[in-house]
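# have a look; sequence and predicted model below, questions after that.
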Amino acid sequence: MQGAGGMRFHSPAYLRVLREVCDEHDVLLVFDEIATGFGRTGQLFAAGHAGVSPDVMCVGKALTGGYLTLRRRCAPRGWRRHLERRRAGPGARTDVHGQPARLGGRLRVRGPAAGPGLELEVKRIGAGLRRGRRRPPGTGVRDVRVLGAIGVVQLDHEVDMGAATRAAVREGVWLRPFRDLVYTMPPYVTGDDDVARICRAVAPRRRRAEMTILW
């Protein structure tokens, strides 16, 4: 899943090809799982859909349950030493992803993301997003897609940010559309009623003249 690149979903086969090509040419393979990790796409990590492992994996966001800004770069011991040396040498910032955070104590992730119910919670939210979507004819909707606990509406025009925000807030929901996209990535503790509320916010049913964003 591409995040800021357009919230596009791609075949897992693409990751397998990347793994094969990198192995063939002895190239380092890095997976950015900042937004997709910890179950968001339906697997613990998106790499699991393809059954492959990267040489380096970048994770964050869900690592703290959203309470703190924290990123972590995971790699085998030999690669970690190599990356640390690069950070101390010329061009050190070329391999830094995000802003570091140092914690004085041990960080523990709580809730469904750390327990056996993770997969069930993601499936439940995904099912709710699918139930709530609508695609009326002639509303300017180009595509609607759901992957795991990610829901995306792509329009055939730029989102009117002011109208989109007002429509969502009327339903008690805060969304962050960008370009031609309205998307949602609900926390795993989001109940079914709140998932339905989010869907109503994406597809307002009020005055038709204001229906600028619809499933």
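Cool, the structure landed.
# give me the element the residue nearest to Pro54 when sequence neighbours are not counted is part of.
Nearest residue to Pro54 in three dimensions, chain neighbours excluded: Phe31, at 3.9 Å (Cβ to Cβ, 6 or more residues apart in numbering). Quick note: C-beta positions are derived from backbone N, CA and C, even for glycine. Phe31 belongs to strand 30-32 when assigned by DSSP states H and E.
# which strands and helices sit next to that strand?
strand 56-60 (3 or more Cβ pairs under 8 Å, 6 or more residues apart in numbering; DSSP states H and E).
# contacts for the strand holding Phe31?
Leu15, Phe45, Ala46, Ala47, Pro54, Asp55, Val56, Met57, Cys58, His97 (Cβ atoms under 8 Å, 6 or more residues apart in numbering).
# adjacent strands (with direction) for that strand?
Here strand 30-32 has these sheet partners by DSSP bridges: strand 56-60 (parallel).
# so for the partner strand, mean pLDDT?
For strand 56-60, the mean pLDDT works out to 82.
# quick one: least confident helix or strand in this protein?
Lowest mean confidence among the helices and strands of the chain (mean pLDDT, DSSP states H and E): helix 77-88, at a mean of 60.
# for burial, what's the neighbour tally of the residue nearest to Pro54?
Using other Cβ atoms under 10 Å, Phe31 has 23 other residues around it.
# what bridges to it?
For Phe31, the beta-bridge partners are Met57 (DSSP bridges).
# sounds good, over and out.
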